[in-house]
Each structure stands twice: as C-alpha cells, then as structure tokens.
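[1] Got a predicted model here, sequence first, then my questions.
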Amino acid sequence: MKAIQFGAGNIGRGFIGAVLSAAGYELVFADVAEELLSQLNSRGRYTVHVSDHNSCDIEVNNVRAVNSGGPEIAGEIAGADIVTTAVGLRILRFVAPAIADGISARKAAGNEAPLNVIACENGLKASSQLKELVFSRLDSETAAWAASHVGFPDAAVDRIVPPVRCEVPLDVAVEEYFEWDVEKASFAGPVPEIPGMTPVDNLLAYVERKLFTLNTGHATAAYIGKLKGIETIGECVADPSVCAIVRGAMQQSGEALVRKFGFDHDAHFAYIEKILRRFSNPYLRDECDRVGREPLRKLAPNDRIILPLLTAKGFGLPYDKLLLAAGGALHFDNPQDPQSVEMLASIKENGVEATVVKYTGIAADDALVTEIAGAYKAVESL
C-alpha cells in the first residue's frame, strides 16, 4: 500500500504521515522544499516525539519524498492507494494540478482501484474544495472516470503540533491526543481500515465541534494573551483573567453547538475542560504569534471566531466573550505576518467598523459590526 502526503511540514510528518505509516503504508511526501525533500530521501525515517504526560517516541520508517511540482508526482499518484494533504487551505489550489495530473495518469495506466483524496486542513469541507479545484482541470472524459473511481471525503483533524526544534531536524514533537474523523459516505470503494482514522456519518458536527472548541479557544488565548504581553498558550491559560475569557468563549460556542447538533451538554462541557488541559501541556511551547497568525483567515465568516459568534447570536445565546475574541484578533500585531500587516493598515486607513465589514462578511448595517468595534476598544483595557 502506498500513501502520498502533500505537505512534509510538522502536521504532515507528526500527525497524518505518522498515522498512515503506522497503518502499514509506504509513505511518500510531496513538497517543494528541496532541503526537506533531500533530508527525507537521505534518511528515509524520522521520529515523532510524543511530549505529554504520557511520553514516548514513535519511529516512522519506509519514507521517501518527491517534488510536488515535478513530473514524477503524477506517476506516484497513479499507483497510490490514498492521497492526503496538510498544506493549509490557501495552498490547496497549488497542489490541485498535481493531483489532477495524477488522476489522468492513473486512468491512462488502467488503474481501476479506488483512490481517496483527503484534505486534512483546518476548515470546512476542505476535501470538497480540493475536489472542485481538481475537477476544474480534468477533461470531461477523465472527470467522468474520476467521479466513479476517486473519492474526496471531507475530514476533521485535531492535534497540536507546535514548531519545536529537535536535535534531528526531521523529528517532530506532538501532543499525545489526536482525532482524525472522515466522512464515511464519500469514500470511493471500501473504507480503508486505518487505526487512528475514524469514519463518521455526520462529519459537520465533528468539524464544527473542533472548530468551535479547540480552534476558538486557541485563537482567543493567542489574541487576548498577546495583548497582555504573554508569549505562549500555556502561559495564557495559566493567567486567571485570560483563562476566564478563553473558557467563556468556548462555553458560549459550546452552548451554540449543543443547540445546533444536540450534543450532550455535560459531555461537551467536559470536552471543553479537556481542551483547556491540552492547552496547558507543559512539554510543548506553543507561541501566541504562531497560533494567532493569519488573523484575516480566522476572522472569515466560516471560521473559528465569527461563525460561532453568529451561531450563538442566532440562537439568542450570550456571545460577549466571543466578541472579545474578535476584538482581540483585530489587534493582532505581527510584522512578519502579511495578514496582520494588511489588517492593521486597513484599520488605520478605514477604521475598525469598515475593516470588520470587509473581512468578516457581516453586513454594514448589522448591529454586530458596532458590537465588535466596541469589543476592539474593550480589550485594550483588559
């Protein structure tokens, strides 16, 4: 069995790649970073250091790598059993041509075995987005063939993999907990048995549970903590005033989830506390600047701040802590992050309310715009 993993970064190596390798797949990374490709091909292995209360080392072997922009990737996909990505939503459009070429090569080679392409990204329906990008590059005959031979099941992924410097550069440090839920109905052919991957029926519930809990809490901690001069997520949740806002935002989004999907209230609120304990993992240093990066993406209508806020408001539930998360995000100042630079420039030139309208998708005449602008001012005095 062979798996192609687009993205040889920390998530690709420390999460998805490690799970696929443990399931017995030959693991082929596809990336454009030549030094990383060279290291993977010369060593052929790396170690995942589980750095948590239960720590261990997991050896990942039988590894090689190809350039995702090179001619050989199509042939690799032609003979693969599964293709996964961990590149970020905005990079999917750059890997779509290679996957389209691979599907065409697979058809030309007469490989009738089912292939499943799973985008393991933080976002709603990432595989569906990738499918649209891929199919737009296929001719009608190949698209018809792919429709019956290639699946694009959507997924929800959850594992904290911060950029920890290891003695061996290819090694990765991760938390013990992980979750990989994949939409059962969208697989082509039989669902592969991969320990650590859970096929589910109602994926949207799992996607939004993760988005409204881990991602909402993570972002809230990063933005409020950075405003207070705190450097890491662990230090954020150790600060009582920051933790109260983070917990409150997660609980407000949680009430909305319970209403929307019928989750058991007590079980979901226990899940929130479990997430908070994960944030406080003393063995991993996760910086606010990393977690808060790309604030415009995180303020988008279907992402971790605005969507839970709108959902809570729609059910007539409290959302004041989620407003503070939005206000904190609008203050995120990192000169190395192009989205931060763009956002702050927009606020300076056009004002907070115009910036909120521009990036969140909220209508200019919605009272929520004024409420978010008020939260922008409120967080300055926290």
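    Right, received. Where do you want to start?
[2] quick one: low-confidence parts of the stretch 151-300 of the chain?
    Confidence mapping of the stretch 151-300 of the chain against pLDDT under 70 gives zero matching residues.
[3] all strands for it, in order.
    Ranges of strands within the stretch 151-300 of the chain are 155-158, 172-174, 179-183, 197-200, based on DSSP state E, counting those that start in this stretch.
[4] Ok, which of those strands comes nearest residue 255?
    Using Cβ to Cβ as the criterion, the shortest distance between residue 255 and these is 20.2 Å, found for strand 155-158. For glycine as for every other residue, the C-beta is placed from the backbone atoms N, C-alpha and C.
[5] ok, back up a step: could you dump the strands of the stretch 151-300 of the chain to TSV with mean neighbour count and distance to residue 35?
    What follows is those, written out as TSV (neighbours: other Cβ atoms under 10 Å; distance: least, Cβ to Cβ, whole Å):
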stretch	mean neighbour count	distance to residue 35
strand 155-158	24	26
strand 172-174	25	16
strand 179-183	21	28
strand 197-200	18	30
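[6] what's the closest of these to residue 281?
    With Cβ to Cβ as the measure, strand 172-174 is the member of the strands of the stretch 151-300 of the chain nearest residue 281 (10.2 Å).
[7] partners of the closest one, with directions?
    Sheet neighbours of strand 172-174, with direction, are listed as strand 46-50 (parallel) (DSSP bridges).
[8] any idea of the mean pLDDT for the partner strand?
    Rounded to a whole number, the mean pLDDT of strand 46-50 is 96.
[9] Name the next helix or strand following that strand along the chain.
    Next along the chain after strand 46-50, taking DSSP states H and E as the criterion, comes strand 56-60.
[10] partners of the helix or strand just after that next one, with directions?
    Moving toward the C-terminus from strand 56-60, the next helix or strand (DSSP H and E) is strand 63-67. Neighbouring strands of strand 63-67 in its sheet, by DSSP bridges, are strand 26-31 (parallel).
[11] In CSV: the strands of the stretch 151-300 of the chain, plus distance to residue 236.
    Formatted as CSV, those follow (distance: least, Cβ to Cβ, whole Å):
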stretch, distance to residue 236
strand 155-158, 19
strand 172-174, 19
strand 179-183, 22
strand 197-200, 30
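[12] Nearest to residue 292, out of those strands?
    Of the strands of the stretch 151-300 of the chain, the one closest to residue 292 (Cβ to Cβ) turns out to be strand 155-158, at 18.4 Å.
[13] For that closest one, which helices and strands make contact with it?
    strand 179-183, helix 203-210 (3 or more Cβ pairs under 8 Å, 6 or more residues apart in numbering; DSSP states H and E).
[14] what sits up against it?
    The set of residues that contact strand 155-158 without belonging to it, under Cβ atoms under 8 Å, 6 or more residues apart in numbering, is 11, 15-16, 86, 118-122, 126-127, 177-183, 203, 206-207, 209-210, 214.
[15] Need the buried ones from the residues you listed selected in PyMOL.
    Restricted to the buried members of the contacts of strand 155-158, where burial is judged by 16 or more other Cβ atoms under 10 Å, the PyMOL selection command reads as follows:
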select buried, resi 11+15+16+86+118+119+120+121+122+126+127+177+178+180+181+182+183+203+206+207+209+210+214
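[16] picking up where we left off before, just send the helices and strands packed on strand 155-158 back as TSV, with distance to residue 241 too.
    Listed next are the helices and strands packed on strand 155-158 as TSV, based on distance: least, Cβ to Cβ, whole Å:
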stretch	distance to residue 241
strand 179-183	30
helix 203-210	26
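[17] Buried ones in stretch 71-89, by neighbour count?
    Judged by neighbour count using 16+ other Cβ under 10 Å, the buried positions of stretch 71-89 are 73-74, 76-89.
[18] Only C-alpha atoms, please: export it in CSV.
    Output in CSV follows, covering the C-alpha atoms of stretch 71-89 (Å, rounded to 0.1, in the frame of the first residue of the first chain):
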residue,chain,number,x,y,z
PRO,A,71,6.9,15.4,-13.3
GLU,A,72,7.3,12.3,-11.1
ILE,A,73,4.3,13.1,-8.8
ALA,A,74,1.8,12.1,-11.4
GLY,A,75,3.2,8.6,-11.6
GLU,A,76,3.3,8.3,-7.8
ILE,A,77,-0.4,9.2,-7.6
ALA,A,78,-1.2,6.8,-10.4
GLY,A,79,0.0,3.9,-8.2
ALA,A,80,-1.2,5.2,-4.8
ASP,A,81,-3.9,3.9,-2.6
ILE,A,82,-4.6,7.1,-0.7
VAL,A,83,-3.6,10.8,-1.1
THR,A,84,-3.7,13.2,1.9
THR,A,85,-2.8,16.9,2.3
ALA,A,86,-1.7,19.1,5.2
VAL,A,87,-0.7,22.3,3.5
GLY,A,88,-3.2,24.9,4.5
LEU,A,89,-6.4,25.8,2.8
